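Asks: Sequence and predicted model, in that order:
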Amino acid sequence: MKKFLKKLGVFLLLFIALNLVVDYIYNSAAHEAIENKTHKNYLKWTDIHQNKNSYDLVIMGASRAYYAFNPDIIDASLNINSYNMGTSAQDIVESYYSLKEIFEYQNPKYVVLDLFFPLSDNVHDYSQIFSNAYFFNSNKTKFELIVEGYGGSGIANYILPVVKFNNYIKQDLMGLFKEREAIKPETNWIKGHLHDTVTVTKWKIELFEPIPNFRNTTFDKKRFATYFNKIKALIESHNSKLICVRVPYPPSRLELSGHDDEHEYYSNFMKSVEIPFFDLNTYKKETYYYIDQDFADYHHPNYRGAIKASKQLVEAIKQNKL
Amino acid sequence: MLFNSFEFFVFLPIVFVLYWFVLNKKLSIQNILLLLASYVFYGWWDIRFLSLIILSTILDYYVGQKIHNTEEPKKRKYWLWLSMGFNLGLLGFFKYFNFFIDSWISGFNSVGIEMDPFTLNIILPVGISFYTFQTMSYSLDIHKRKLTPTKDFVAFATFVAFFPQLVAGPIERASNLLPQFLRRRKFNFNIAADGLRQMLWGLFKKIIIADNCAPYVNEIFADYSNQSSGTLILGVIIFAFQIYADFSGYTDIAIGTARLFGFDFKRNFNFPYFSRNISEFWKKWHISLSSWLNDYLFTPLAIEFRNYRKHGIFTALFLTFLISGLWHGAGWNFIFWGGLHGLYYIPVIYSKKRFTSITTNKSTSKKEDFSFSDFPKIILTFLMVCLTYIFFRASTITDAFGYIKIIITEIPRWPAGVPYKSIFFIIIVMVTEWFQRGKEHGLQFNENSTVPVYLRWTIYLVLLLTILVFSGEQQEFIYFQF
């Protein structure tokens, strides 16, 4: 038994050492960005923590949300102070715990939540999730996010950098065999919104695939409903108003897609819970007509798309007297 | 609890430490620990269905004593039928109720008698097909006087519920496993270390191959009518590797886990895709089920039909495979799958002088010799098995025929969305298993292996890292649904 435990121990030590190396490699850039005060999540959370009770409208969601809504446009039209708290790959569980943290420091009148199927599927980018939660001031919320929100899988990912960064390791390994696209720098931030001037190329449009639907995602209705109801209850308990939106897709992608599962599901769901929902693919379509050139890639609106989407949101709030 | 879950990797070390370090003084205490651990393991999924296992355990323990203590054949038969009736009743209700009602109603509807559909919302308890077969074999063996029932209730209950093999086998016989609960287990470094290696290999197959192949296969079978024939052919081939990696991976983890606790399970897979004919395939695939069916179904039926000679043998075998199909799932597609395997045996039965067994109970670790001329046979056998998988994987028998129709009638085109990454890992596993085919699993090293320690450790680390980095979305084991 001694021999067994000794060998097992040595193996575990080797494994831990390997994890530390991975952690160092993949986290060093993030640490550097924090030190230089350029880390996007650091900047967002610093704004939330330092400017106490100053934001009237907070936008939640994944990267689609932080590309689509420009707080400057919203503020000018509604005469409020808004902030875009969308973070990369933010899923519904993360939105809930992020809101818990936000409500500790802010008392917004509106919370805008962007919805799309991948935000409640069974595939999670834990490095992005933890990179967001890393900046929570509340250790309790952080703990709840990991343990309650993601369970065993969350704990394993938190403990093991090899698991947490597996997507990036995979990309790097695959990159040895094929040419990788250069990662464009994300530097132009306006109150949490990424002002992107890139326009999707013709070549990329040809590679478009159908939008998320029940078949090509692992959208988990139960998980979505559970956390959506938690978000709703949290927002209502702070006398705030929840508005749900769906950020537009490039029209070429919509054309490729058959039945729009997302639109149908969210419309019906929001009707049943009596929450206003605006699908920006269809809302006031005649006025806000999207073209492929309004997008930076297959699903992120660029600055042109962001102007339209932000105006659509403003109009939705105004017209519906929200 | 899933073997490929975080919970299991917390649960296992806790049980291991308690078992070998805290409660190692008394055998009965160790057995109680294993029993409680097994119930926690099962209850993690759904605590309500633990009652079924406990009920089945109490009944079979009691029946076993009764059969043994009764000399009168009629009474012995009565007790045996009580056990069979209860276990098959459980299976019948939870697994087949809706299937039989549906078939009954559509039968009436097809002859013009309209009946309203009536089904119950029944949840299939995980592992029910496995533990009922295990307890049935206990009563049957006592009835045949091949086994003396144990008086140790805890040992018997642990035999029924032992967590490594509770939910998806191997279906252990009481004659092999029960005595292991009655004698003191000693920790053996080589066995435990090999157990860990086997677990690692099983996890690799499950997480890297099965879980990564699953989305590709699911999409093809869910929408087969819109796929090209090339894609459908590739879909079923990938499914063949998915199901093998899934089930043999599960078995490797189960056997490896049991070894950590000093238990020895029978072998369940012996590199079946290297079989040269269908008979060989069934000697190597899900050995514990095929030997169970051989001993308790095929052999009695073959004796019953012995007057019909080879026709009798074929009838017994065909019926056995039909029931094997039904065991796998409550659907006509599964029955057809079994029937097709039965039909494959026609040339085997009629060309052989004597055919007595579907499988062999001998666990061979001898490396088989293959000649170059064996490879076409291996490929042909694999393709025959793949054909049956269409019925196994399709949702209904109509879908299966629709799938085959497209393959036959359309000119094959290069498949869409070829999962190159999965194919790469499949090749790695199959090549490794080819060279390891004389051993019990793909990662077994002999005590006097010439592979240097540093290289072995590098292999373990690379496998572990590959599992963690390239893991697909966590999927349940396919055989859990059976």
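Replies: Received it, and whenever you're ready, just let me know what you need.
Asks: now the strands for chain A?
Replies: A:57-60, A:82-84, A:110-114, A:189-190, A:193-194, A:241-246, A:277-279 (DSSP state E).
Asks: As JSON lines, the ones you listed with mean pLDDT and mean neighbour count would be great.
Replies: (C-beta placed from N, C-alpha, C; glycine too.) Putting these into JSON lines (pLDDT from 0 to 100; neighbours: other C-beta atoms under 10 Å in any protein chain shown) gives the following:
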{"stretch": "strand A:57-60", "mean pLDDT": "96", "mean neighbour count": "26"}
{"stretch": "strand A:82-84", "mean pLDDT": "96", "mean neighbour count": "27"}
{"stretch": "strand A:110-114", "mean pLDDT": "96", "mean neighbour count": "25"}
{"stretch": "strand A:189-190", "mean pLDDT": "90", "mean neighbour count": "16"}
{"stretch": "strand A:193-194", "mean pLDDT": "94", "mean neighbour count": "24"}
{"stretch": "strand A:241-246", "mean pLDDT": "95", "mean neighbour count": "22"}
{"stretch": "strand A:277-279", "mean pLDDT": "95", "mean neighbour count": "21"}
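Asks: quick one: residue A:78 from chain B, how far?
Replies: 41 Å (C-beta to the nearest C-beta, to the nearest Å).
Asks: pretty sure residue A:218 contacts residue A:122?
Replies: Yes - if you go by C-beta atoms under 8 Å, residue A:218 and residue A:122 touch, sitting 4.3 Å apart.
Asks: Just confirm residue B:288 is within a helix.
Replies: Yes - counting by DSSP: H, G, I helix; E, B strand; the rest coil, residue B:288 falls inside a helix.
Asks: Quick check, pLDDT for it.
Replies: If you check residue B:288, the pLDDT there is 92.
Asks: For it, grab the count of nearby residues.
Replies: 25 (other C-beta atoms under 10 Å in any protein chain shown).
Asks: ok now do it, which residues does it touch?
Replies: Contact analysis of residue B:288 by C-beta atoms under 8 Å, 6 or more residues apart in numbering or on different chains lists B:169-172, B:266, B:268.
Asks: at 6 Å instead, please
Replies: B:169-171, B:266, B:268 (C-beta atoms under 6 Å, 6 or more residues apart in numbering or on different chains).
Asks: Which one of those residues is nearest to residue B:183?
Replies: residue B:266 (17.4 Å; C-beta to C-beta).
Asks: related to what we said a few turns ago, of the contacts of residue B:288, select the buried ones using a PyMOL command.
Replies: Typed into PyMOL, the line below selects the buried ones among those, using 16 or more other C-beta atoms under 10 Å in any protein chain shown:
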select buried, chain B and resi 169+170+171+266+268
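Asks: could the contacts of residue B:288 be laid out in JSON lines, adding distance to residue A:150, secondary structure and pLDDT?
Replies: Output for the contacts of residue B:288, formatted as JSON lines (distance: C-beta to C-beta, whole Å; DSSP: H, G, I helix; E, B strand; the rest coil; pLDDT from 0 to 100):
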{"residue": "B:169", "distance to residue A:150": "31", "secondary structure": "coil", "pLDDT": "74"}
{"residue": "B:170", "distance to residue A:150": "33", "secondary structure": "coil", "pLDDT": "89"}
{"residue": "B:171", "distance to residue A:150": "35", "secondary structure": "coil", "pLDDT": "90"}
{"residue": "B:266", "distance to residue A:150": "38", "secondary structure": "coil", "pLDDT": "90"}
{"residue": "B:268", "distance to residue A:150": "34", "secondary structure": "coil", "pLDDT": "92"}
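Asks: would you turn the strands of chain A into a markdown table with distance to chain B?
Replies: Output for the strands of chain A, formatted as a markdown table (distance: least, C-beta to the nearest C-beta, whole Å):
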| stretch | distance to chain B |
| --- | --- |
| strand A:57-60 | 25 |
| strand A:82-84 | 30 |
| strand A:110-114 | 23 |
| strand A:189-190 | 31 |
| strand A:193-194 | 29 |
| strand A:241-246 | 24 |
| strand A:277-279 | 26 |
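Asks: nearest to residue B:20, of these?
Replies: Of these, nearest to residue B:20 by C-beta to C-beta is strand A:57-60, at 49.6 Å.
Asks: Residues contacting the closest one, please?
Replies: So strand A:57-60 is contacted by A:65, A:69, A:80, A:82-86, A:95, A:108, A:110-113 (C-beta under 6 Å, 6+ apart).
Asks: at 7 Å what do you get?
Replies: A:65, A:69, A:74, A:80, A:82-86, A:95, A:98-99, A:102, A:106, A:108-113 (C-beta atoms under 7 Å, 6 or more residues apart in numbering or on different chains).
Asks: just stretch A:218-233 next, same as before
Replies: Residues contacting stretch A:218-233 (C-beta under 7 Å, 6+ apart): A:92-93, A:95-96, A:99, A:113, A:117, A:120-123, A:242, A:273, A:275, B:473.
Asks: residues in chain A within reach of chain B, list them.
Replies: Taking C-beta under 7 Å from any C-beta of the partner chain as the contact definition, chain A meets chain B at A:1, A:3-4, A:14-15, A:122-123, A:152-153, A:155-156, A:160, A:162-163, A:166, A:169-170, A:215, A:218.
Asks: Just the buried subset of those residues, written out for ChimeraX, thanks.
Replies: Remark: buried members of those, expressed as a ChimeraX selection using 16+ other C-beta under 10 Å:
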select /A:4,15,152,153,156,160,162,163,166,169
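Asks: Among the residues of chain A next to chain B, which ones are in helices?
Replies: A:3-4, A:14-15, A:152-153, A:155-156, A:162-163, A:166, A:169-170 (DSSP state H).
Asks: sorry, back to before: looking at the contacts of stretch A:218-233, state which has the most neighbours.
Replies: Neighbour max across those (other C-beta under 10 Å) = residue A:95, 29 neighbours.
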